[in-house]
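Novice: what follows is a predicted protein model with its sequence.
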Amino acid sequence: MIVTIMLEIEKATFAAGCFWKVESEFCQIKGVISTQVGYSGGYTINPTYEEVCKDVTGHAESVLIEFDPNIVSYDALLEIFWSIHDPTTLNRQGLDIGSQYRSIVFYHNNEQKSKALKYMEKLEKSGKLRSKIVTEILPKNIFYRAEEYHQKYFHKRGIVKCTSEK
């Protein structure tokens, strides 16, 4: 007897500063099947890291996440996204400055858009933040995978243990 198991896989894409840190946060989450770092939200075709770092491509350093919604919900991923960076700083996260470090939720469908907007509104009204949220909520854009040496950067250096090594 052959039993086929079908995984339900969804995607989420976030930009929240340096993609190494963002990926390291998500790759440790149970239910996250894979993560990839790359560039999204810009106008240059096939941008390189050097071009993106010069802040001339319009792209943000982003993380594309494949996840099993039966194990981890999109809402849970949103909660992590909002907690790992400062959504009130425009084009900056900590010492990293430039539009490539801006905060963005790239939604893959209308349900994700609605959830992201509701979460942002709830956070804005909570009074937990000192300033107004500047995070963009945008439809998913072409995702350009970053160069291989950027993939699982902290995992490869033994700093974090990813649940998936895809």
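Specialist: Noted; the coordinates are in hand.
Novice: point out where the chain drops to low pLDDT.
Specialist: For the chain, the stretches with pLDDT under 70 are 1-6, 164-166.
Novice: need the longest helix for it.
Specialist: For the chain, the helix reaching the highest residue count under DSSP state H is reported as helix 110-126.
Novice: please, where are all the helices along this structure?
Specialist: Taking DSSP H as the test, the helices found in the chain are 19-26, 49-53, 74-83, 110-126, 153-156.
Novice: need the residues that contact the longest helix of the chain.
Specialist: 12, 74-75, 78-79, 82, 87, 105, 107, 129, 132-133, 135, 137, 139 (CB atoms under 8 Å, 6 or more residues apart in numbering). All C-beta atoms are positioned from the backbone trio N, CA, C, and that covers glycine.
Novice: which of those are buried?
Specialist: Ala12, Tyr74, Leu78, Trp82, Pro87, Val105, Tyr107, Thr135, Ile137 (16 or more other CB atoms under 10 Å).
Novice: leaving out chain neighbours, which residue sits closest to the third one?
Specialist: Using CB to CB, 6 or more residues apart in numbering and skipping the chain neighbours, the partner closest in space to Leu78 is Tyr119 (4.9 Å).
Novice: burial measure for the one you found, as a count.
Specialist: When neighbours are counted by other CB atoms under 10 Å, Tyr119 registers 19.
Novice: Asp55 too?
Specialist: 14.
Novice: surely it touches Asp96?
Specialist: No: look at Asp55 against Asp96 with CB atoms under 8 Å: they stay out of range, at 11.0 Å.
Novice: so where do the strands sit in this structure?
Specialist: 10-16, 32-40, 60-67, 92-93, 96-97, 103-107, 136-139, 144-145 (DSSP state E).
Novice: would a markdown table of those with distance to Ser24 be doable?
Specialist: A markdown table is the format used below for the strands of the chain (distance: least, CB to CB, whole Å):
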| stretch | distance to Ser24 |
| --- | --- |
| strand 10-16 | 12 |
| strand 32-40 | 9 |
| strand 60-67 | 10 |
| strand 92-93 | 14 |
| strand 96-97 | 15 |
| strand 103-107 | 17 |
| strand 136-139 | 22 |
| strand 144-145 | 17 |
